[in-house]
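Participant: using only what follows, build the 3D model:
(one chain, ligands or ions: 1)
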Amino acid sequence: MTLLKVDVRRKVYANGCCAIENLAFSAQPGEFVAMVGPSGAGKTTLLNLIAGLDRQLEGDILLHCDKSPPSEPKISFMFQEPRLMPWLTVQQNLELVLPPTLRANPVKPLKDTLAVVGLEGCDRLFPGQLSGGMQRRVALLRAFLVGPDLLLMDEPFQSLDAPTAQQLRMVLQDLWQRTRPTVLFVTHSLREAISLADRILFLSGQPSRVILDVPVKLQHPRTVEDESVQNMHASLLDQYPQLLGGQINYES
Ligand code: ADP
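Facilitator: Residues are numbered from 1 along each chain as shown. Next up is the predicted model:
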């Protein structure tokens, strides 16, 4: 059963800018899909459309999940910045996304949940007392805490140093394997995409469409340094030298 079916025929902004044209794909429950494309391709535009933050489009975006009892699919969104409330503690920031019943009687104490992402003892700290990497850990945990069916991630580890970004990618893989939401992860780093995803969608330059859909058949967890990841990176760019520029050159 497909969880997400995207068919954007055209997305044109009020100023006439056509960001997306004939972009279609589906994602299955539990699938980790990375989207890679040049800057300005329309990746953020696409995530906003899927999240329903922007409803101005020609086309259809269908979300369906087989839950019993039936309920609306839950969507989480993790942005480029952690977007924590600076006046609330870590615990309060996390509680904010929980329904009141769960806030009063959590399935698992939040303190224990914090340990899963390496933040034990940080519940009473404010975001300003945390490093950038720790803030992303809180944002990552918050994104999973709502129990999403679909998790949208827009370059969430951008602007972090390489070791911190790698630690967060490991935390993400751990959380994803525990609960298996469908993930749509936007990145401009092909290595990052290969190290995380089951499948990579490559987008063209503006107006954006899918130019290549590639499965990644490597075992989790992975790091960007893994030989298998490096090999796939080299082989894709060898076959399609213009891929990251949003073009496919078919060699005869
Ligand atoms: P990406 O996330 O791939 O870098 P965006 O989705 O941010 O790309 O932008 C795609 C195109 O749409 C760009 O040309 C950008 O200038 C344009 N765009 C984005 N948001 C708006 C807006 N609110 N109004 C007009 N044009 C926009």
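
Participant: in the stretch 101-250 of the chain, which residue sits closest to the ligand?
Facilitator: Q206 (5.1 Å; CB to the nearest ligand atom). Quick note: C-beta positions are derived from backbone N, CA and C, even for glycine.

Participant: give me the neighbour count for that residue.
Facilitator: Look at Q206: counted by other CB atoms under 10 Å, it has 19 neighbours.

Participant: do the same with I61
Facilitator: Count around I61 with other CB under 10 Å applied: 16.

Participant: same question for the one 10 residues further on.
Facilitator: Using other CB under 10 Å, the number of residues around S71 comes to 9.

Participant: tell me the contacts of it?
Facilitator: C65 (CB atoms under 8 Å, 6 or more residues apart in numbering).

Participant: same thing with M85?
Facilitator: Q92, N93, L96, P127.

Participant: 7 Å - rerun?
Facilitator: Going by CB atoms under 7 Å, 6 or more residues apart in numbering, M85 touches N93.

Participant: ok, back up a step: and the pLDDT for the residue of the stretch 101-250 of the chain closest to the ligand?
Facilitator: pLDDT for Q206: 92.

Participant: what about it, which helix or strand?
Facilitator: Following DSSP states H and E, there is no helix or strand that holds Q206.

Participant: E21 in helix, strand or coil?
Facilitator: Of the three states, E21 takes strand under DSSP: H, G, I helix; E, B strand; the rest coil.

Participant: the stretch 101-250 of the chain: strands as residue ranges?
Facilitator: Using DSSP state E, counting those that start in this stretch, the strands of the stretch 101-250 of the chain run over 150-154, 182-187, 199-203, 210-215.

Participant: of all these, which lies closest to L244?
Facilitator: When those are compared by CB to CB, strand 199-203 sits nearest L244, at 8.2 Å.

Participant: now tabulate the strands of the stretch 101-250 of the chain in CSV and tack on mean neighbour count and mean pLDDT.
Facilitator: As requested, the strands of the stretch 101-250 of the chain are exported to CSV (neighbours: other CB atoms under 10 Å; pLDDT from 0 to 100):
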stretch, mean neighbour count, mean pLDDT
strand 150-154, 23, 97
strand 182-187, 25, 97
strand 199-203, 23, 97
strand 210-215, 14, 97
